[in-house]
Every structure is written in C-alpha cells, then in structure tokens.
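> got a predicted structure plus its sequence, pasted below:
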Amino acid sequence: MARGGLAPGQSGGTELPTDFREYAFHPDYRVGLVMFNLQPAAFAGANTSNNSSLAANALQSPFDAPIVNARYGSLGGRYDMEKWAFTGEAVFAVADQTAQAGEYFYHSREKAYVLNGTSLNQSGFLGWELDLGAEIKWDDQLHAGVKLGWFVPGDFYAFSNTETNATLKNIFAASATVGITF
C-alpha cells in the first residue's frame with residue numbers, strides 16, 4: 001500500500017504576519033509510529049501525564065504530533081495468515097515551509113510566529129521511519145499485537161533558532177495492544 005499527502009505549512013516573511021492557518025489530519029489517520037504520532041520533546045517538562053495543575057494551554061501531550069507542515073510518502077504492506085498478521089511501513093517526509101534567515105516563521109508546536117534571528121536557514125528534511133508489527137488473533141474475541149518503530153529525524157529538527165544546530169539522535173519506540181471484542 002502506498003500513500004502520500006500534503007499538510008500545508010504556514011509561510012512567514014520579513015514582516016510579522018497577522019493571520020495564520022494551521023491544518024492537521026484527524027488523530028486516527030496514522031502515518032508512522034513515531035514521526036507523526038509522538039512528540040519526544042513533550043515527554044520532559046509540563047505535559048499531560050505529570051502535572052494536572054497547569055492550565056490546559058500550558059500542557060503538551062507527548063502523544064500529540066499531528067501531520068502538519070509536511071509532504072510525506074509511505075510504502076507499506078500487510079501479510080495475513082490464519083491467526084497472525086505482519087505489517088511493515090516505510091515513511092519519508094519533507095517540510096512544506098522552513099525558517100529562513102532574518103524572517104518570521106510559524107512554529108507549529110508553540111502555535112506562534114517566531115523571528116529567525118540567526119544567519120541559518122532551516123533544512124526541509126523531516127526524516128524517515130521504518131515500522132514493523134505483528135498481531136495475533138487468539139480467537140474471535142481476543143487479539144494482541146506489537147509494533148516497533150525506528151525514526152531517523154532529519155535536519156529540520158536540528159534547527160534551534162540559534163547560531164548552532166542541535167545534535168539529533170535516532171528514536172526507537174514500541175507499542176503493544178490487547179483487545180477484547182464483545
């Protein structure tokens with residue numbers, strides 16, 4: 001199965017824009033296990049799992065990384081047997097809009113325009129991901145599965161709005177599911 005798409009980004013400019021549009025796919029539209037589903041930066045600091053006393057707009061969910069500002073493609077497949085199913089998917093993505101030196105850019109996680117006060121331009125490469133999964137249907141009512149993801153972030157994420165870019169590391173994730181059907 002092959003699929004691709006565009007979730008437009010927000011362009012900036014030398015003047016602070018007064019309006020913005022943001023687009024994100026429905027949360028149930030899943031592309032990759034990590035790239036468009038997890039926000040690793042939100043696992044530390046004020047997030048939904050460790051501080052319920054903060055105002056809602058101050059919280060960040062580590063499980064909320066919508067497809068936004070991206071052109072992406074994925075290629076995957078599913079092999080079904082009597083009780084087992086095996087899945088695989090490869091995802092590649094580039095940014096629709098990037099921060100240019102001396103211009104404002106829309107920071108989708110902060111939901112605000114920010115001035116790029118550096119001499120650096122942001123790279124457009126978001127990265128690639130490889131996911132593998134296995135599911136078992138024990139009987140008509142019980143099923144279980146596991147999915148593994150390996151995300152190699154692109155230089156888009158290295159941009160830190162300073163004169164030096166951040167160092168990036170690969171991200172591994174695992175997801176286990178158990179379901180009962182009545």
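Ah, there it is.

> wait, Asn121 touches Glu103, no?
No - proximity of Asn121 to Glu103 does not meet the contact threshold set by Cβ atoms under 8 Å, at 9.3 Å. C-beta: built from backbone N, CA, C; applies to glycine.

> quick one: classify the residue nearest to the spatial centre of the chain as helix, strand or coil.
Central residue of the chain (Cα atoms, centre = their mean): Phe36, 2.3 Å from the mean position. Three-state call for Phe36 (DSSP: H, G, I helix; E, B strand; the rest coil): coil.

> which residues touch it?
Phe36 sits next to 30, 65-67, 70, 72, 91, 93 when contact means Cβ atoms under 8 Å, 6 or more residues apart in numbering.

> test for you: state the pLDDT assigned to it.
For Phe36, the pLDDT comes out at 86.

> the one 4 residues further on now?
At Pro40, the model reports a pLDDT of 72.

> ok, back up a step: can you select the buried ones from the contacts of Phe36 in ChimeraX?
Listed next is the ChimeraX selection for buried residues among these, using 16 or more other Cβ atoms under 10 Å:
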select :65,66,67,70,72,91,93
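
> including pLDDT, could the contacts of Phe36 go into a markdown table?
Formatted as a markdown table, these follow (pLDDT from 0 to 100):
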| residue | pLDDT |
| --- | --- |
| Arg30 | 80 |
| Ala65 | 74 |
| Pro66 | 75 |
| Ile67 | 80 |
| Ala70 | 89 |
| Tyr72 | 94 |
| Val91 | 95 |
| Ala93 | 95 |
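
> closest to Leu130 out of the contacts of Phe36?
Val91 (8.0 Å; Cβ to Cβ).

> residues in contact with the closest one?
Applying Cβ under 8 Å, 6+ apart, the residues near Val91 are 31-32, 35-36, 72-74, 128-131.

> so it versus Gly32, what's the distance?
4 Å (Cβ to Cβ, to the nearest Å).

> what do these two both touch?
74, 129, 131.

> before we move on, the earlier item: need phi/psi at the residue nearest to the centre of the chain.
Main-chain torsions, Phe36, degrees, to the nearest 10: phi -120, psi 20.

> same deal with Ser61?
phi -90, psi 130.
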